[in-house]
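Asks: below are the sequence and a predicted model for it; my questions follow.
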Amino acid sequence: MQSCGSSEPEGDPDPLTLEYLMSLTDEELMQRDSDGDGLNDYDEIYVYETSPLSPDSDDDGLNDYDEVMTHGTDPLTADSDDDGLSDGDEVNVYNTDPLDTDTDGDGLNDYDEVMQYETDPLDADTDGDGLTDFEEAMEYNSDPLQPDSDGDGFSDGQEVEMGTDLLDSNNPPFISELNTINFDFDRSNIRDMDAQLLAENVEMLSNADAFRVRVDAYTDHVGGDQYNLRLSLRRANSVVDFYKDNGIAEDRIEFRGLGKAPVPCAEAEKDEDTPGCEKNRRAESIPLNPYPFTPRN
């Protein structure tokens, strides 16, 4: 008498189990992709040792096929390069290399860049200041997200090149401009109110001893050229003498008497006894930058 039942299974068991799959022939396994990840069950079980029942065996956000065939990562390890970021996050979120702990090669691993310093793991110099993120974080203690950590106008890279303190806004001391003084008509003596302006210049020069100063003196447009050239030189010498008398070394000073000011003054003085223009009767003190860079405003 024949049995009414079939000796062959009618379908896969529910739930599907690894034991069941391993009972199938190699040919049957090669025709199956139970978890739909792109790898057949035979390769998952016997080649890659991944789970044929889960498309992402290590639960890292990348399916097993992509790990094996596209990225070359370990489908059994969530963090193939052991940098602290999962393979899925490296590929899908940060675009970093899941096989390289330091994608941009700056010395900081990808996890520290993303999670601790918030720097760009794809750019060795996130703030573009000439120092790598590693140098800023580990050597100089500067801010790898700010090109000018101390806000003095010099970039961190410039300060390192100059040998100044990139964490001190007063180092290097910098003089952007000095006071200009004026003179009475046909005079070269320094008036009291202008002496105060020159005293302020002396203080700035004393606090920035790397700076030198150039004095350029002029006259108004009244009178002959040769006379005015000599008068401008006397005015320049008066300022130079003031600086030297107040402690500025002579080798820090250069000066020029340039005669008539290059641009005539539009407003002549109203006093008939004082012709010409006071704005042109001046001595400019120009700070000479000793550094290879000028700070940004």
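Replies: Here it is on my side, so go on.

Asks: for stretch 138-153, measure first residue to last.
Replies: The stretch stretch 138-153 measures 23 Å between its terminal residues, going by C-alpha to C-alpha, to the nearest Å.

Asks: what sits against residue 157?
Replies: For residue 157, the contact set (C-beta atoms under 8 Å, 6 or more residues apart in numbering) comprises 129-131, 147. No exception for glycine: its C-beta is placed from N, CA and C like everyone else's.

Asks: and it, which of the three is it?
Replies: Counting by DSSP: H, G, I helix; E, B strand; the rest coil, the backbone at residue 157 sits in helix.

Asks: please report how far it lies from residue 134.
Replies: 14 Å (C-beta to C-beta, to the nearest Å).

Asks: now the closest residue to residue 250 other than its chain neighbours: how far from residue 252?
Replies: Nearest non-adjacent residue to residue 250, counting by C-beta to C-beta, 6 or more residues apart in numbering: residue 244, 5.7 Å away. As judged by C-beta to C-beta, residue 244 and residue 252 stand 9 Å apart.

Asks: low-confidence ranges in this protein?
Replies: Along the chain, the parts satisfying pLDDT under 70 run over 1-10, 266-275.

Asks: show me how the record splits it into domains.
Replies: According to automatic domain parsing, the chain comprises the domains 18-93, 114-162, 181-266+273-288.

Asks: let's have those domains in CSV, adding distance to residue 104.
Replies: CSV is the format used below for these (distance: least, C-beta to C-beta, whole Å):
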stretch, distance to residue 104
domain 18-93, 12
domain 114-162, 5
domain 181-266+273-288, 36
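
Asks: relative to residue 294, which of those is closest?
Replies: When those are compared by C-beta to C-beta, domain 114-162 sits nearest residue 294, at 8.0 Å.

Asks: gap between the closest one and the chain center?
Replies: Distance, stretch centre to chain centre, for domain 114-162: 5 Å (C-alpha atoms, centre = their mean, to the nearest Å).

Asks: quick one on the thing from earlier: helix or strand: which one has the residue nearest to residue 250?
Replies: Assigned by DSSP states H and E, residue 244 belongs to helix 225-245.

Asks: show me which positions of that helix end up buried.
Replies: For helix 225-245, the neighbour count (16 or more other C-beta atoms under 10 Å) marks 228, 231-233, 235-240, 242-243 as buried.

Asks: what does it contact?
Replies: Here helix 225-245 makes contact (C-beta under 8 Å, 6+ apart) with 181, 183, 186, 188-190, 195, 198, 201-202, 205, 213, 215-219, 223, 250, 253, 255-260, 281, 283, 285.

Asks: just the CA atoms of that helix, as CSV, please.
Replies: The C-alpha atoms that make up helix 225-245 are tabulated as CSV, following Å, rounded to 0.1, in the frame of the first residue of the first chain:
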residue,chain,number,x,y,z
ASP,A,225,61.2,124.0,-3.9
GLN,A,226,64.7,124.1,-2.6
TYR,A,227,63.7,126.0,0.5
ASN,A,228,60.9,123.7,1.2
LEU,A,229,63.1,120.6,0.7
ARG,A,230,65.4,121.9,3.5
LEU,A,231,62.5,122.8,5.7
SER,A,232,61.0,119.3,5.3
LEU,A,233,64.4,117.8,6.3
ARG,A,234,64.5,120.0,9.5
ARG,A,235,61.0,118.8,10.3
ALA,A,236,62.1,115.2,9.9
ASN,A,237,65.1,115.7,12.1
SER,A,238,62.9,117.3,14.8
VAL,A,239,60.9,114.1,15.0
VAL,A,240,64.0,111.9,14.9
ASP,A,241,65.5,113.8,17.7
PHE,A,242,62.3,113.4,19.8
TYR,A,243,62.4,109.7,19.2
LYS,A,244,66.1,109.4,20.2
ASP,A,245,65.6,111.6,23.2
